[in-house]
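> Model the structure of this input:
(2 chains)
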Amino acid sequence: MLEFFKEFPEMSRVDLRDFKNSIDFAFRSFSRNYGEGIESFFDPVLWFLIWLEKLLLATPWPIIMLVVAGLCYLGARSWKLSFGSILTFALIGYLGMWEDTMSTIALISVATLLCISIGMPLGIWMARSDRVQALITPVLDVMQTIPIFVYLLPVLMLLGIGKVPGLIAVCVYAMPPMVRLTNLGIRLVDKDILEAADAFGADKKQRLFGVQIPLALPNIFAGVNQTIMMALAMVVIASMIGVRGLGIPVLQAIQNQYLALGLMNGLAIVALAIIFDRVLQRYGKRLQKHRIGSKND
Amino acid sequence: MTNIKVSIKGLYKIFGNRPNYAMQHVLNGITKQQLLDEHDHVLGLKNINIDIPAKRLHVIMGLSGSGKSTLVRHINRLIEPTSGKVIIDGENVMEMSQDELREFRRYKASMVFQKFGLLPHRTVVQNIAYGLIIQGISEGEASERSLRWIDQVGLTGFEKHYPAQLSGGMQQRVGLARALATDAEILLMDEAFSALDPLIRTNMQDILLDLQEELHKTIIFITHDLDEALRIGDEISILRDGEVIQKGDPQDIILKPADSYITDFIKDINRSRVIKIGSIMEKATRASGPKLVSNTSVEEALQIMTSADKSVAAVVDTKGKTIGKISLEVAITTIARPVHDNKEPRYK
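Numbering: from 1, shown residues only, chains lettered A, B, ... in the order given. Sure thing, here's the model as predicted:
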């Protein structure tokens, strides 16, 4: 009798093994049967990622620098930022990280686009229904807290090593803020303004695109920003499953204790993050110029 | 009154989880307080019946919590009633389908809000054009039509500004122009000027009255301010605890307050300025003394009579025909504040 309290009554070892085996077996047969189908489902994304990476690598570096500076200026309207980004890219190139940086930019761009195109509609859907919100919130919690390797495993079993599983790993981690902040932004839209839209006979589409999304933009923008930051943070993990980019040298540095290599590539990731962040934030602020009481033209 | 535009019939609104159940108690004569204490439901509106004639400015007045904002939101069904009808041009708004209701809101009734309800990311022109955009009119044509209203409400030069750059009074002019731009026949104004400071409020009232002279909309104006109600209203309905306690034109309300609640309300009013001699004159076909048009205020009449040193004046209509007479004594008595026999308890 005392035994019962001393040790937790567990499943018998044999049963437990069979239980685990049956799950493994079921998933294996699932991935054998459907793996290829699922893989081909991601083909367009893969194709786009490869195309973008090739494009970035094939474009002569001065043109890339000009484009980066131009985009910085368009987004932030700041010469300082444009100049700073040119300097950063020049340093990255000079220190031999140009190609890896281009690969990383390609990955981040595709991952971010994917997160926005899935995360934003999901967030809008959540904002419209409390039930959907109650359903999706725990899923987002899982996505953000589950150890990355745990969900990498089934993805790897299903799709093998390569760019697509890397992209999925990045997106699983980076998408939640996009969903959450879209949801939050739309829920925070001033009820009085929505009532006015209703009183003028706006239908659901007019409410969404004319009032809710424009007014939620600051939050949606914060979501995009967070998504990019988190995607960059995943670059090293993604490199473990065969995604090219700045993560690979970092991984090598960890395995071989190359301090300088790790530091340089790590700092290159940080530099990219800072440039993305500053440009996006300034752009977001410019979109919100009507919020400030100042005169505009 | 002929040509009723908006007819509210037997309108009830009960807030709570089971309004239909609570409705039975209300029909059985339970009071608002009892309903709240015993059944945890709030009686918002109780058996409201108001007929609003076309092309007039009808004021619904009441203090906060009287249900006036709830009432106006029933007219375009932003709030669903527990029971009752709102009939506009022979059609019951409460029975419209979602599509019909949307059409109704787009073309028939527009609204002005206490907190303006402007879209912060759209400029003044774009805000005024909003109702037109919703109607499906192209952005270009809508802005063009809006420009006319910018001029009407005196916002020329501010077309490209954003609402946050404007003062409250200017923002509400945008709100007014936006509501007028849709050419809706009915204009619902929910405490439209209450958030503005007194000088600007009077100024906005003037703008509204000027526009109304030209446009002849059916305006339903909600306010808690009796001065405002008396100043702009053709007709006034006074609401208290979700019930209409008096309906009438401003003269009626001042000269014949229905109960001590309203007496209390009107005691601070400058009677000599509000009361017109037409409503206190003695009918006559001939009279001596200076000729005064019937809508002259008592204040003005007194001034004219005393300076002419006459104790009687003739009251004439707009064509100059004598319709009555008024004595100095009657005019002075009218100004004296009525003492209501306070048999019923004073309203707290």
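
> what does chain B have sitting close to chain A?
Residues of chain B lying near chain A by CB under 8 Å from any CB of the partner chain: B:76, B:78, B:101-107, B:110-111, B:113, B:115-121, B:123, B:130-131, B:133-135, B:160-165, B:178, B:182, B:188. (C-beta placed from N, C-alpha, C; glycine too.)

> gap between the residue of the stretch 1-150 of chain B at minimum distance from chain A and B:Ile128?
Using CB to the nearest CB, the closest approach of the stretch 1-150 of chain B to chain A is made by B:Gly117 at 3.1 Å. Here the criterion is CB to CB, to the nearest Å. By it, B:Gly117 lies 13 Å from B:Ile128.

> Have a look at these two and say which one is more surrounded.
B:Ile128 (32 against 26; other CB atoms under 10 Å in any protein chain shown).

> Mind checking which of the residues of chain B next to chain A are buried?
Among the residues of chain B next to chain A, the ones that count as buried by 16 or more other CB atoms under 10 Å in any protein chain shown are B:76, B:78, B:101-102, B:104-106, B:110-111, B:113, B:115-119, B:121, B:123, B:130-131, B:133-135, B:161-163, B:165, B:178, B:182, B:188.

> coming back round to it: look up phi and psi at the residue of the stretch 1-150 of chain B closest to chain A.
Phi and psi for B:Gly117, reported as degrees, to the nearest 10, are phi 60, psi 30.

> which ones are touching the residue nearest to it when sequence neighbours are not counted?
Among residues not flanking B:Gly117 along the chain, A:Ala196 sits closest, at 3.1 Å (CB to CB, 6 or more residues apart in numbering or on different chains). A:Ala196 makes contact with B:111, B:113, B:117-119, according to CB atoms under 8 Å, 6 or more residues apart in numbering or on different chains.

> export those to CSV and tack on secondary structure and pLDDT?
Output for these, formatted as CSV (DSSP: H, G, I helix; E, B strand; the rest coil; pLDDT from 0 to 100):
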residue, secondary structure, pLDDT
B:Met111, strand, 95
B:Phe113, coil, 94
B:Gly117, coil, 93
B:Leu118, coil, 94
B:Leu119, coil, 93
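
> Can you list the residue ranges for helices in the stretch 201-348 of chain B?
B:226-232, B:250-255, B:260-266, B:271-274, B:298-308, B:328-335 (DSSP state H, counting those that start in this stretch).

> Just the buried residues of the last one, please?
Put plainly, it is helix B:328-335. B:328, B:331, B:334.

> my read: the residue of the stretch 1-150 of chain B closest to chain A touches A:Asp198, true?
No. Using CB atoms under 8 Å, B:Gly117 makes no contact with A:Asp198, being 9.9 Å away.

> Give me the nearest residue to B:Thr123, chain neighbours excluded.
Nearest non-adjacent residue to B:Thr123 (CB to CB, 6+ apart): B:Lys160, at 5.2 Å.

> pretty sure that neighbour is in a helix, no?
No. Secondary structure of B:Lys160 (DSSP: H, G, I helix; E, B strand; the rest coil): coil, not part of a helix.

> Quick check on it: phi, psi?
Torsion angles, degrees, to the nearest 10, at B:Lys160: phi -90, psi 10.

> What is the neighbour count of the residue of the stretch 1-150 of chain A found nearest chain B?
Shortest the stretch 1-150 of chain A-to-chain B distance, computed as CB to the nearest CB: residue-wise this is A:Arg128, at 16.2 Å. A:Arg128: 16 surrounding residues under other CB under 10 Å.

> Which residue is most remote from the mean position of chain B?
B:Asp309 (39.1 Å; CA atoms, centre = their mean).

> can you tell me how far B:Gln171 sits from B:Phe193?
12 Å.

> Look at these two and report which has more neighbours.
Counted by other CB under 10 Å, B:Gln171 and B:Phe193 do not tie: B:Phe193 has more neighbours, with 27 against 22.

> in a strand, that's where the more buried one is, yeah?
No. Under three-state DSSP, B:Phe193 falls outside any strand and is assigned coil.

> Touching, it and B:Asp227? I think so.
No. Between B:Phe193 and B:Asp227 no contact is recorded; they are 11.1 Å apart, counting by CB under 8 Å.

> what's the overlap in contacts for those two?
By CB under 8 Å, 6+ apart, no residue touches both B:Phe193 and B:Asp227.

> check which helix or strand covers the residue of the stretch 151-297 of chain A found nearest chain B.
Closest residue of the stretch 151-297 of chain A to chain B, CB to the nearest CB: A:Ala196 (3.1 Å). Assigned by DSSP states H and E, A:Ala196 belongs to helix A:191-199.

> what's the next secondary structure element after that helix?
helix A:204-207.

> Distance from the chain centre to that next one, please.
On the basis of CA atoms, centre = their mean, to the nearest Å, helix A:204-207 sits 28 Å off its chain's mean C-alpha point.

> Touching that helix from outside, list them.
Applying CB under 8 Å, 6+ apart, the set of residues contacting helix A:204-207 is A:194, A:197-198, B:134.

> Closest one to A:Val235 out of the residues you listed, please.
A:Leu194 (40.1 Å; CB to CB).

> Hmm, A:Val211 and that closest one touching each other?
Yes. Between A:Leu194 and A:Val211 there is a contact at 6.1 Å, judged by CB under 8 Å.

> So which of these two has more stuff around it?
The residue with more neighbours, out of A:Leu194 and A:Val211, is A:Val211; 23 against 16, by other CB under 10 Å.

> is it true that that one touches A:Glu195?
No. Counting by CB under 8 Å, A:Val211 does not reach A:Glu195; the two are 10.3 Å apart.

> Next up, the contacts around residue 78.
All of this is about chain A. A:72, A:282.

> actually it's chain B I care about, not the one you picked
A:195, A:198-199.

> name the element it belongs to?
Applying DSSP H and E, one finds B:Leu78 in no helix or strand.

> So the closest residue in space to A:Arg28 that isn't next to it in sequence versus A:Leu46, what's the distance?
Spatial nearest neighbour of A:Arg28, chain neighbours left out: A:Met157 (7.0 Å); criterion: CB to CB, 6+ apart. Applying CB to CB, the value for A:Met157 to A:Leu46 is 18 Å.

> Please apply the same query to A:Ser82.
Separation of A:Ser82 from A:Leu46 (CB to CB) stands at 33 Å.
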